[in-house]
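Asks: need coordinates for the below:
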Amino acid sequence: MDSPQAVFAGHAPTQQIARSIAGEGERDDRCPVAAPAIGCYSPPVYTQRVGFVVALYLAVGCTATPATPSEEDASKASASADKPAEGDAKAEDGNGRKANTQGRQGLKQVPPPEDLKGPPSDAIKTESGLVYKVLRAGTSDDRPALQDRVEVNYTGWNAEGETYDTTEGRKSRNLLVNQMIQGWAEGMQLMHPGEKARLWIPAELGFEQKNRRPKGPVVIDVELLAVQHAPPTPPDVAAIPSDAVKTESGLAYRVLQPGTGPEKPRAWDRVTLSYAGWTSDGKLFDSTALKERPAKIRLDSPSVVPGWIEALTSMTVGEKRRIWIPESLGPRRPGTPKGMLVYDLELLEVVERDEPPPPPEVPADVAAPPKDAKKTASGLAYKVLTPGKGKDHPTAASRVKVHYSGWTTDGKQFDSSVTRGKPAEFGLGQVIKGWTEGVQLMVQGEKTRFWIPKELAYNDMPGKPAGMLVFDVELLEIL
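Replies: Alright, predicted model coming up:
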């Protein structure tokens, strides 16, 4: 995993564990977090403090799937769920075996089934090595597919009979099938709503795929309560159809449903929309239908897919479009799908916001530090633009409030709290090295320009601003 300082991604230098979709509300899509769930590869969830946020993986028994910028299941699981409790107690499980009655802290221990160590002769084995047995027949002919969401009750045991996760005594879980461990995902697709089944999952189809615990084979009793089907894959995802409208940027679109009014969002407005996204080979990677709620995003959030901004600002409320986005206009977060992406967007609501202030002018000396700039032993260069009135300097442990703007040396602005109209607050121990060092040189009220060499910035990390970076920073307050 990248170190927290190394992965600060470019806007307000802050490391936030995040949740939400790309640009939803005030939040950002640049911080995937995976949380524990029984056999579930929990999807990334996100939030934005301000600007780009650090990518921090906290998976315990799960992992984030690439390019799914929004699911809520992961954030609902406890990050402590995979920690073993001290002094696990043992008791008879009713079958003459010793059962762990405490296990992980706060997790109920459910007595394991008698056939934990080996499936019975009437169990069915698939080609992959999964073994399953229907414990109770389902009530319909429906079955979940790999991209569907399911509501389930379950209990999982490791090879020693310890319960490593369960919904018993808790609410049922809503999970995406394609984010489960391979054996569980295969088993789910064999089930019908109302059915209860026992799955014997070999190690190679379980957590060992991602070097997670529990090690070895696992047994899961699962009850399928309901299935929520993913949107069907459009027939034209592989290539842009001839009747699609193409723009100069390379974006293509078709209007699937006309809008109901003339109102169009501006590039800084907030919108509510429903969407689904597919790769060109037909794989669904995100959908509001599977979250059971529309998305609310601010179009000037740095996390919003650039192709979305172009499409949505030309749509009217009530309109539904299919858009084909070239890679150059696609998601910018590392780990997201590459190549052409296809989205179905439906604009539900526009909330007007005040027009933001114009971006700061590009510094004349953005390409290199001037002769009168000071340079520290680390290679950081700086120049005081406006002297401060305070006397105290922040420390590396301080939390500060600042206004800032950042440019690459070719003059391209990649972030600015000024244009957002809201100062940033963050801890100096949570930022790139150049910020940690530089802001400690300042006093309250001071405005300074920093030339941060790449070694003190992102060191050419993929998806981050490359090379030396230039920041104008105004220290408003030491918190």
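Asks: which positions in the host helix or strand of Gly406 come out as buried?
Replies: Per DSSP states H and E, Gly406 falls inside strand 399-408. For strand 399-408, a neighbour-count test (16 or more other Cβ atoms under 10 Å) marks 400-408 as buried. C-beta here means a position set from N, CA and C on the backbone, and glycine is covered the same way.
Asks: what's the distance between the closest residue to Val350 other than its chain neighbours and Lys246?
Replies: The shortest distance from Val350 to any non-neighbouring residue, by Cβ to Cβ, 6 or more residues apart in numbering, is to Pro265 (4.5 Å). Remark: distance between Pro265 and Lys246 (Cβ to Cβ, to the nearest Å) = 22 Å.
Asks: more neighbours, those two?
Replies: For the pair Pro265 and Lys246, the greater number of neighbours falls to Pro265 (23 against 11), based on other Cβ atoms under 10 Å.
Asks: neighbouring contacts of stretch 123-138?
Replies: 119-120, 122, 182-183, 186-187, 190-202, 204-205, 221, 223-224 (Cβ atoms under 8 Å, 6 or more residues apart in numbering).
Asks: same thing but 7 Å
Replies: With Cβ atoms under 7 Å, 6 or more residues apart in numbering as the test, stretch 123-138 has contacts from 119-120, 122, 183, 186-187, 190-202, 204-205, 224.
Asks: which parts of the stretch 51-200 of the chain are helices?
Replies: For the stretch 51-200 of the chain, helices defined by DSSP state H, counting those that start in this stretch occupy the ranges 73-76, 182-188.
Asks: what's the pLDDT at Glu292?
Replies: The score at Glu292 is 77. That number is its pLDDT.
Asks: surely it is in a helix?
Replies: No: read with DSSP: H, G, I helix; E, B strand; the rest coil, Glu292 is coil and lies in no helix.
Asks: pull the number of nearby residues for it.
Replies: Using other Cβ under 10 Å, Glu292 has 10 other residues around it.
Asks: for it, which non-adjacent residue is closest in space?
Replies: Gln228 (7.6 Å).
Asks: gap between that neighbour and Lys171?
Replies: 16 Å.
Asks: so these two - more neighbours on which side?
Replies: Ranked by neighbour count (other Cβ under 10 Å), Gln228 and Lys171 place Gln228 first, with 15 against 9.
Asks: that one: what's it in contact with?
Replies: Each residue near Gln228 by Cβ under 7 Å, 6+ apart is listed here: 148-149, 290.
Asks: same thing with Gly438?
Replies: If you count contacts by Cβ under 7 Å, 6+ apart, then Gly438 has 380, 382, 450 around it.
Asks: let's see that with 8 Å instead.
Replies: Taking Cβ under 8 Å, 6+ apart as the test, what Gly438 contacts is 380, 382, 448, 450, 452, 471, 473.
Asks: got the domain boundaries for the protein?
Replies: Domain ranges of the chain: 1-82, 103-228, 245-351, 374-478, per automatic domain parsing.
Asks: dump those domains into TSV; add distance to Val237 as well.
Replies: Listed next are the domains of the chain as TSV, based on distance: least, Cβ to Cβ, whole Å:
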stretch	distance to Val237
domain 1-82	15
domain 103-228	13
domain 245-351	5
domain 374-478	25
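Asks: quick one: the closest residue to Thr155 other than its chain neighbours and Leu176, what's the gap?
Replies: In this structure, Thr155 finds its nearest non-sequential neighbour in Thr166, 4.1 Å apart by Cβ to Cβ, 6+ apart. For Thr166, the distance to Leu176 (Cβ to Cβ) stands at 19 Å.
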